[in-house]
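A.B. asks: Quick one, structure for this:
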Amino acid sequence: MMADSFRPRSPEAMEPTIPLVPHQPPMLLIDAVREVNGQQCTTLTRVDPGAWYADPDGAMPAWFGLELMAQTISAYSGNRQKHLGIAPKYGYLLGTREYTCEVPSFPAGALLEVVARVHYADAMGLSAFACELRRDGVTLARAILKVYEPD
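C.D. replies: Okay, the predicted model is just below:
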């Protein structure tokens, strides 16, 4: 899929995303799951200048990158649960020690790619994911998110 040709789908057409993430529009911020496997998930989001989160210029504030990362982790988890034949369940974002972002906001219309890789996982449901948010192949934000998924 070429980045230039990607267009966000309407909430009704988000079949690859909605079954994997327990969020519903307008709180569902990721538009598509590009790739998911046993170790990572990659999602795409087009910054919508008319969305509820948009600033006066139509941009997405940079701190929303944390939520994009968390929803990408949710899509990773939802994919695992789908293969077990169960519906996606809620998990908890425990936090991060550091979220670094090179820009104050993501511009209107920008296509953002988020990659979440398993950094650590235990049998009790605690996990950590190394996450990157990119635009045009350039990493704009990084964090290691700690999450908890109860049984």
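
A.B. asks: Return, as residue ranges, the portions of this protein with sub-threshold pLDDT.
C.D. replies: For the chain, the stretches with pLDDT under 70 are 1-19.

A.B. asks: So which residues of this structure form strands?
C.D. replies: 32-36, 40-46, 60-61, 92-95, 99-101, 105-106, 111-121, 126-135, 138-148 (DSSP state E).

A.B. asks: which of these sits most buried?
C.D. replies: strand 40-46 (a mean of 23; mean count of other C-beta atoms under 10 Å). C-beta coordinates here come from the backbone N, C-alpha and C atoms, glycine included.

A.B. asks: Name every strand pairing with it and say which way it goes.
C.D. replies: strand 32-36 (antiparallel), strand 111-121 (antiparallel) (DSSP bridges).

A.B. asks: middle-most residue in the protein, spatially?
C.D. replies: The chain has T72 as the residue nearest its centroid, 2.9 Å off, counting by C-alpha atoms, centre = their mean.

A.B. asks: Would you confirm that it contacts A116?
C.D. replies: Yes. T72 is within contact range of A116, at 4.4 Å (criterion: C-beta atoms under 8 Å).

A.B. asks: For E98, which residues are in contact?
C.D. replies: 143-144 (C-beta atoms under 8 Å, 6 or more residues apart in numbering).

A.B. asks: The same query, at a cut-off of 7 Å, please.
C.D. replies: Going by C-beta atoms under 7 Å, 6 or more residues apart in numbering, E98 touches A143.

A.B. asks: how close does it get to M60?
C.D. replies: Per C-beta to C-beta, to the nearest Å, E98 is found 20 Å from M60.

A.B. asks: Same question for V114.
C.D. replies: On the measure of C-beta to C-beta, V114 and M60 end up 12 Å apart.

A.B. asks: What of V21?
C.D. replies: 18 Å.

A.B. asks: likewise L29?
C.D. replies: From L29 to M60 the distance is 9 Å (C-beta to C-beta).

A.B. asks: Equivalent analysis for T139, please.
C.D. replies: 17 Å.

A.B. asks: and what of V138?
C.D. replies: For V138 relative to M60 (C-beta to C-beta), the value is 16 Å.
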